[in-house]
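Trainee: Fold the stuff below for me.
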Amino acid sequence: MLKEQEQFERAERADRLKWARERAGFRGPKSVAEAIDINVNNYKAHESGRNGFGIADAKRYAKTFGVNLNWLQFGQGEPDDADDSPSVVTDVPRISWVSAGQLLEQPTVTDFSNFPTEPAIDLPEGNWICLEVEGNSMNKISPPESLIFVNLKDKRLVANACYVISDETGAITYKRYRPNDTPPFQPASYEEVEPPRLKGAVAVVGRVRRSVINL
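Mentor: Presented below is the predicted three-dimensional model:
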């Protein structure tokens, strides 16, 4: 079952889609389907909010209805904002913490097609995954249920940067790198949280370059 926030965002996106379609002069879903050669039932599901739609569909709808992509997909800005410098939107695989740990065992894994995705605007070049934060150990940066975007290609350690790491047991955690502390991977919390008890050698899964708070 979708979480309440996801349901809300889907419904809001569907409302914007319907508004854009009506303003553009399309009488109903059938006329849209005929104009851009898509399945009418798929479009109906998008406009009703029964099914969500990703970036590829959003780009097509935004172009067809003459509205700004970021407004349609994310509710950012206004529908008539110009796309003079259009944002690059990436669908990032959203995987579990267990799956993240398995990436260290299979470093050549690149097929994330079976995972759901989260859209992200203007990410730097990299190999990205998305994780949902659990617990309060990093709540100064990422409260529980925040989404973090992790670059699997960026493993270089930088003081005060944040990383997803794993120890020899395969346990995965998200911490800030503090090279002068022991251990060097520390929580960043408003609460009294003990540092992780890491066993054996520590491997970097990737650097966290963005944290998104769900409101």
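
Trainee: and stretch 195-205, how far from the chain's centre?
Mentor: Chain-centre distance of stretch 195-205: 25 Å, with C-alpha atoms, centre = their mean, to the nearest Å.

Trainee: swap that for stretch 199-210, sorry
Mentor: Centroid separation for stretch 199-210 versus its chain: 19 Å, with C-alpha atoms, centre = their mean.

Trainee: Looking at it now, give me its mean pLDDT.
Mentor: For stretch 199-210, the mean pLDDT works out to 92.

Trainee: tell me which residues in it are buried?
Mentor: Residues 202, 204-210 are the ones in stretch 199-210 that count as buried (16 or more other C-beta atoms under 10 Å). No exception for glycine: its C-beta is placed from N, CA and C like everyone else's.

Trainee: Filter the residues you listed down to the ones in strands?
Mentor: Residues from these lying in strands, with DSSP state E as the criterion: 204-210.

Trainee: Please dump those into CSV; it should also carry distance to Ile148 for every row.
Mentor: As requested, these are exported to CSV (distance: C-beta to C-beta, whole Å):
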residue, distance to Ile148
Val204, 14
Val205, 11
Gly206, 10
Arg207, 10
Val208, 5
Arg209, 9
Arg210, 7
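
Trainee: Could you pull out the helices in the protein for me?
Mentor: Residue ranges of the helices in the chain, as given by DSSP state H, are 4-23, 29-36, 40-48, 55-65, 69-74, 97-105.

Trainee: Can you mark which positions in stretch 125-133 are buried?
Mentor: Of the residues in stretch 125-133, 126-133 count as buried by neighbour count, 16+ other C-beta under 10 Å.

Trainee: Of these, just say which sits nearest to Thr169.
Mentor: Set against Thr169, the nearest of these by C-beta to C-beta is Leu131 (18.6 Å).

Trainee: Now tell me which helix or strand of the chain has the poorest mean pLDDT.
Mentor: For the chain, counting by mean pLDDT, DSSP states H and E, helix 97-105 ranks last in confidence among helices and strands (a mean of 62).

Trainee: Got the domain ranges for this protein?
Mentor: According to automatic domain parsing, the chain is divided into the following domains: 4-74, 90-212.

Trainee: In JSON lines: the ones you listed, plus distance to Asp83.
Mentor: Output for the domains of the chain, formatted as JSON lines (distance: least, C-beta to C-beta, whole Å):
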{"stretch": "domain 4-74", "distance to Asp83": "6"}
{"stretch": "domain 90-212", "distance to Asp83": "13"}
